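Peer 1: coords below, sequence missing:
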């Protein structure tokens, strides 16, 4: 009291509570019960976590492959974007090439609202290995003076080297398929000798066909196209021009072609390979299979755990605990299982994704996919707890007095 009276004006005396009296908040009993039930039977807990981890890894990898496949299918389109694409009528995807007549570029350039139009050659070709043997490749040619010239991500050599005659670039992951292992090696494309002058990294096709890049002139020569022919026109719209009006004007001038936006051409290519060929359905089915396996294992474990502790739950009911309280315990068990399984499973999935970076298999993990997978994992465990919850709700408290 004396200290308080003698304290200077404007200063409030400190509260009379000591640090020792400051206690941490106690762990809720619901969480304690869930934790003890979960870890009581170590073998059941281990089986549950293994099932969840298996489900998380399978769903993560399958979903990552699906996203990676989308990116691989549209990699060339994304690397060489355009406001509009003029493509041959009936084109299913960018790697389903055929040649335009050769007059399209001039017709497009004379259309009001068009700033520029660039040729792009895409063609199937036969690659003859230096040691003998053949392989089919996808030959891609673009103009070297374009800001969207292909390829990208060059790790050895340069794009300017492709402007020399009889030169090509390939990705290092296709060395075994094409029988080469470094710069300066020679091979044949459609019977013509070519030299490898540039090497890229992680530019792979969705199909098994390797990409081979060349200048636009070299691609025409190797594919047997005419001087003005191209597979696609990449159209740039002038600033302020209405893209739909320009599109309609080009389509009217070129009735034997299709005029697609960047997104339309991208989606058409992805939908063709992922859904019309069934590849995407197989990836989705694999992810669903992993999800089902996880639900079954978690549901079985939670049900067994509830059955083993049925007398304890009945005792809680007899002491006045409501069914909702016990349901919370079971749901907490499910959430804890999901959290532990997700952390371990995501760690293994990220290791697998990292190990596949320099292979032909492209697996992608995005923050959105990781967040969605977390929600799916916890939701899967909560859904799996339904069987145990039904068992608890039907408990008769009188069971305690019959023992």
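Peer 2: Structure received. Note that the structure is predicted; figures quoted are calculated from it, not measured. Numbers count the residues shown, from 1 in each chain.
Peer 1: residue ranges of the helices in this protein, please?
Peer 2: Ranges of helices in the chain, per DSSP state H, are 2-6, 29-40, 42-73, 75-79, 104-109, 175-178, 216-223, 243-253, 262-271, 279-308, 310-318, 323-355, 367-384, 386-393.
Peer 1: Quick one, which of those helices gets closest to residue 233.
Peer 2: Nearest to residue 233 among the helices of the chain is helix 104-109; the distance by Cβ to Cβ comes to 5.3 Å. For glycine as for every other residue, the C-beta is placed from the backbone atoms N, C-alpha and C.
Peer 1: what comes up buried for that closest one?
Peer 2: Going by neighbour count (16 or more other Cβ atoms under 10 Å), the buried part of helix 104-109 is 104, 105, 107, 108.
Peer 1: Just give me the residue right at the centre of this protein.
Peer 2: Taking Cα atoms, centre = their mean as the criterion, residue 67 is the residue nearest the geometric centre of the chain, at 2.7 Å.
Peer 1: And that residue, how far from residue 151?
Peer 2: 22 Å (Cβ to Cβ, to the nearest Å).
Peer 1: Likewise for residue 103?
Peer 2: Distance from residue 103 to residue 151, by Cβ to Cβ: 28 Å.
Peer 1: Residue 224 too?
Peer 2: In terms of Cβ to Cβ, residue 224 sits 22 Å off from residue 151.
Peer 1: check contacts around residue 214.
Peer 2: Neighbour list for residue 214: 139, 140, 141, 162, 167, 168, 169, 194, 222 [criterion: Cβ atoms under 8 Å, 6 or more residues apart in numbering].
Peer 1: quick one, what contacts the last one?
Peer 2: Each residue near residue 222 by Cβ under 8 Å, 6+ apart is listed here: 123, 125, 139, 189, 190, 192, 194, 214.
Peer 1: who's the second one bridged to?
Peer 2: The bridge-partner assignment for residue 125, based on DSSP bridges, gives residue 137.
Peer 1: tell me the pLDDT at it?
Peer 2: pLDDT for residue 125: 95.
Peer 1: I'd guessed it sits against residue 213; true?
Peer 2: No: assessed by Cβ atoms under 8 Å, residue 125 is found out of contact with residue 213, at 11.8 Å.
Peer 1: Have a look at these two and say which one is more surrounded.
Peer 2: Counted by other Cβ atoms under 10 Å, residue 125 and residue 213 do not tie: residue 213 has more neighbours, with 27 against 21.
Peer 1: Now for that one: which residues touch it?
Peer 2: Neighbouring residues of residue 213 by Cβ under 8 Å, 6+ apart: 140, 141, 142, 150, 151, 162, 168, 169, 170, 198, 200.
Peer 1: Settle this for me: the last one is touching residue 155, isn't it.
Peer 2: Yes: Residue 200 sits in contact with residue 155 when judged by Cβ under 8 Å, with a separation of 6.7 Å.
Peer 1: ok, the two, which is more surrounded?
Peer 2: Shown here are residue 200 and residue 155; by other Cβ under 10 Å, residue 200 has more neighbours (22 against 11).
Peer 1: is the more buried one in a bridge, and if so with what?
Peer 2: Beta-bridge partners of residue 200, as defined by DSSP bridges: residue 154, residue 171.
Peer 1: residues contacting it?
Peer 2: Residues near residue 200 by Cβ under 8 Å, 6+ apart: 151, 152, 153, 154, 155, 169, 170, 171, 172, 213.
Peer 1: Can you say which of these are buried?
Peer 2: 151, 152, 154, 169, 170, 171, 172, 213.
Peer 1: any chance of these in a markdown table, plus distance to residue 282?
Peer 2: Listed next are these as a markdown table, based on distance: Cβ to Cβ, whole Å:
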| residue | distance to residue 282 |
| --- | --- |
| 151 | 29 |
| 152 | 30 |
| 154 | 33 |
| 169 | 32 |
| 170 | 28 |
| 171 | 25 |
| 172 | 28 |
| 213 | 30 |
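Peer 1: Of those, which is the nearest to residue 256?
Peer 2: For the buried ones among the contacts of residue 200, the closest approach to residue 256 (Cβ to Cβ) belongs to residue 213, at 28.0 Å.
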